[in-house]
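Asker: build me a model:
(one chain, ligands or ions: 2)
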Amino acid sequence: MKEILQTKRSGPLVIGHRGAGGYAPENTMVAFERGLSLRADAIELDINVSKDGELIVIHDPTLDRTTSGSGLVCQHTTAEIQALDAGSWFDPSFSACRVPTLREVLRWARGRTRVVIEIKNGPVFYPNIERLLLTQLDELDMRQEVLVISFDHIVLRDFKALAPDVATGVLYASRLPDPTVMAKSVNAEVLMPYWALLTREEVEQAHAADLLISPWGGPEQNYEHIIALGVDAVGADYPDRPRDVMERAQQ
Ligand code: G3P
Ligand code: CA
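Answerer: Ligands and ions are numbered 1, 2, ... in the order given. Model (predicted):
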């Protein structure tokens, strides 16, 4: 299962955060395409659930921040959500961007790139989101092409019980005495700490426990620092930035 974070390039795997959320409206097809064109090895996205039970690729449980709509995602149908403008908030030139479903993104990604799928849960908790996700992965035979992550470790535990062969990663934003215990308690393979709290000891602790480690963060991340710690993957709103750091280190 460790293959999910392996790369043929040198250095850690680069995950395009929300596609390439620094360059294009996050979690849209334009952002995912941009991520790959900037040599991301994988793309990250967030899922919520619509009123009609479709997995929707959007970060917030509400429509307000990243679309022309408002209100909860779970109180709108897929058709209503996909009629919205998901790009103008970022820049008027992106007004044609729409909110994709997970099904659409997986079809686009299949055989082309890996997908890091973050299950968003809370304050809206979606009953059966883990089952909905697994059904979609199986429809496209993509269990080996995804890493499923969440801050909600209960949903990760439940997902893993359904699909022991799908790699999972625990997100967290605190400095823990032993994060490996937390990961093992839900049978996850990847530790995903907030980058600024990461230490070399934590990376060594992860590897000694046969876990991978992939920090996350926004544009404030210091990639020279993170990569020097020996991580397995890095997330980036600007995927070219960690790539440039790695290329400079090789010169
Ligand atoms: O990749 C993990 C990261 O995406 C978690 O934070 O808020 O960007 O979803 P957030
Ligand atoms: Ca995310």
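Asker: which residues touch the residue in the stretch 1-150 of the chain that ligand 2 sits nearest to?
Answerer: Proximity of the stretch 1-150 of the chain to ligand 2 (C-beta to the ion) peaks at E118, 3.9 Å away. Backbone N, C-alpha and C define where each C-beta goes, glycine included. By C-beta atoms under 8 Å, 6 or more residues apart in numbering, E118 lies in contact with E44, L45, D46, I47, I149, S150, L171.
Asker: look at whichever residue of the stretch 1-150 of the chain sits closest to ligand 1 and give its secondary structure.
Answerer: Nearest residue of the stretch 1-150 of the chain to ligand 1: E44, at 4.9 Å (C-beta to the nearest ligand atom). Counting by DSSP: H, G, I helix; E, B strand; the rest coil, the backbone at E44 sits in strand.
Asker: in terms of pLDDT, where does the closest residue to it other than its chain neighbours sit?
Answerer: Leaving out its chain neighbours, the residue that sits closest to E44 by C-beta to C-beta, 6 or more residues apart in numbering is V116, at 4.1 Å. At V116, the model reports a pLDDT of 98.
Asker: just L5 next, same as before
Answerer: pLDDT for L5: 89.
Asker: so what's it up against?
Answerer: Contacts of L5 by C-beta under 8 Å, 6+ apart are L13, L147, V190, L212, S214, D232, A233.
Asker: can you check L84 too?
Answerer: The contact partners of L84, taken as C-beta under 8 Å, 6+ apart, are L63, T67, S68, G69, R98, V99.
Asker: hmm, back to that, what is the nearest of the contacts of E118 to T199?
Answerer: In terms of C-beta to C-beta, no member of the contacts of E118 lies closer to T199 than L171, at 17.4 Å.
Asker: so who does I43 touch?
Answerer: Contacts of I43 (C-beta under 8 Å, 6+ apart): I15, G16, G19, F32, G35, L36, A109, T113, R114, V115, V116.
Asker: how about whichever residue of the stretch 151-251 of the chain sits closest to ligand 1, nearest residue that isn't a chain neighbour?
Answerer: Closest to ligand 1 within the stretch 151-251 of the chain is W216: 3.6 Å, counting by C-beta to the nearest ligand atom. Distance criterion C-beta to C-beta, 6+ apart; nearest residue to W216, sequence neighbours excluded, is G235 at 4.6 Å.
Asker: tell me which element the one you found is part of?
Answerer: Assigned by DSSP states H and E, G235 belongs to strand 233-236.
Asker: what packs against that strand?
Answerer: Judged by 3 or more C-beta pairs under 8 Å, 6 or more residues apart in numbering; DSSP states H and E, strand 233-236 is in contact with strand 13-16, helix 223-228.
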